[in-house]
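Enquirer: return a 3D structure for these sequence lines:
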Amino acid sequence: MIPPHALRHEGRALLASVVFLFVGLTIGACAFWGHVWPLLGANSVGQVAGAAGAMSATLSFPLAYWPSISGENGWLPPHTPVLSRSKRVFDTIGLALCHGAIILLAILTAFTLMENAFTGVTLDVLSGSLCVGVASAVAAYFSYLSGSKVSASSLATLFVVFFVSGAVASMLAASDSNWYEKNLSALGITDGLAGVTFNLTVVLSGVIMIVLSDYLVNDVDTVFRRSVAYRPWRTRVIRWSFLAIGLCLVVVGTVTVNESLIVHNIASNALTVIFAVLLMLNRLLVPGFPAMFYGVGWLLVASMVFAGFLFYPVQYYNLTSYEMLTGALVFCWIVVFVRNSSAALADGDLMTPAAPGETVLHSVPTVPQPALQPVPQHAPQHALEEAHQPTP
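Expert: All right, here's what the predicted structure looks like:
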């Protein structure tokens, strides 16, 4: 029987939060000693809390994720892909950085709201240290729990949340208020923190997509292997397609338009083409999914074509609007595809018979059949009939 690891992870997540609570208190005391700091801005409590929270999330995530994918505890979560050590290191570092970045954006957003609500408030060493400690503890707790239960569905959610939050943050921090008149890639060449934020968001989103390809292909391959019509080439096409999408995102974020317009455009256009091909080959690549899944795929293809028509030759949309719309369609399909794959995997788990020695929990208890009363060998006929009636 599989041990209840969820309760163990909850306890370790609480332990990590307590440890990083004291780490945050120490950082805050050292930073704020003898000074009074504002909530947000240069040399503020928000900056220190964001940095401490990002550090806590980045360090606590591998504590849960690495044992869960390496089997160091003698147990692997169900449907965890078997990866090489170098790939596990790559995935751990990439996902840890993504969690740290998300926590950083969340803390800065929270302090921005607090600054708007409590204008002009300053904090001393005690209050500031408490803010930093609580931010570090919360970041460590949720990051540890996230690392303990990574799946295709959680990675798809992480991809959407991280990309959208990073893009919105770079939009708000852009020094050029008219960036949208050019294209979405113009955010990557703006001065200051906005350009770095956008490029780093795109690169780490590509890393998430590369990690997601392993989990998604593992789920889809498990579903296909339960069918008599199993074809290995289908999972290979899905794997290489998602890997290509992730690599294209990494190239788009690494090579900006002012460095090499040709390379940047090739990567961004290749991403769109790969996505469109996957949409049109839905039924061939993943047979057996609900009919509505294929219908949504063709609806997204039609939406992309219509959006392209409105961009050119109608010129109703500018390039930024077209890129944002197609990006939203990509996000929608990735989430729908992953959730359908996870649902098919879960249905297969319920229908697959248990292995020898494996305990299966039934949602509906088995009702025992009533026992028959023993009947003497030479009993009369009416006694035989009464004896074989089930007892109440």
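Enquirer: can you give me the strands in this structure?
Expert: With strands called from DSSP state E, the chain shows them at 37-38, 122-123.
Enquirer: quick one: the ones you listed as TSV, columns for distance to Ser84, mean pLDDT and mean neighbour count too.
Expert: C-beta coordinates here come from the backbone N, C-alpha and C atoms, glycine included. What follows is these, written out as TSV (distance: least, C-beta to C-beta, whole Å; pLDDT from 0 to 100; neighbours: other C-beta atoms under 10 Å):
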stretch	distance to Ser84	mean pLDDT	mean neighbour count
strand 37-38	46	92	20
strand 122-123	48	92	18
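Enquirer: how far away is the residue lying closest to Ile208 once chain neighbours are set aside from Val305?
Expert: For Ile208, ignoring the flanking residues on the chain, the nearest one in space by C-beta to C-beta, 6 or more residues apart in numbering is Phe159 at 4.6 Å. From Phe159 over to Val305 the distance is 25 Å, taken as C-beta to C-beta, to the nearest Å.
Enquirer: more neighbours, the two?
Expert: More crowded of Phe159 and Val305, by other C-beta atoms under 10 Å: Phe159, with 25 against 11.
Enquirer: grab the most central residue of the chain for me.
Expert: Computing the C-alpha centroid of the chain and ranking residues by C-alpha atoms, centre = their mean puts Leu155 first, at 2.3 Å.
Enquirer: just give the nearest non-adjacent residue to that one, would you?
Expert: Leu212 (4.4 Å).
Enquirer: quick one: the one you found and Ser153 touch, right?
Expert: No - the criterion here is C-beta atoms under 8 Å, and Leu212 misses it with Ser153 at 9.9 Å.
Enquirer: mind checking which of those two has more residues around it?
Expert: Leu212 (26 against 20).
Enquirer: what pLDDT does that one get?
Expert: With respect to pLDDT, Leu212 has a value of 93.
Enquirer: let me see the contact set for it.
Expert: Under the criterion of C-beta atoms under 8 Å, 6 or more residues apart in numbering, the neighbours of Leu212 are Ala152, Leu155, Ala156, Phe159, Phe242, Gly246, Val338.
Enquirer: quick one: it from Ser341, how far?
Expert: From Leu212 to Ser341 the distance is 11 Å (C-beta to C-beta).
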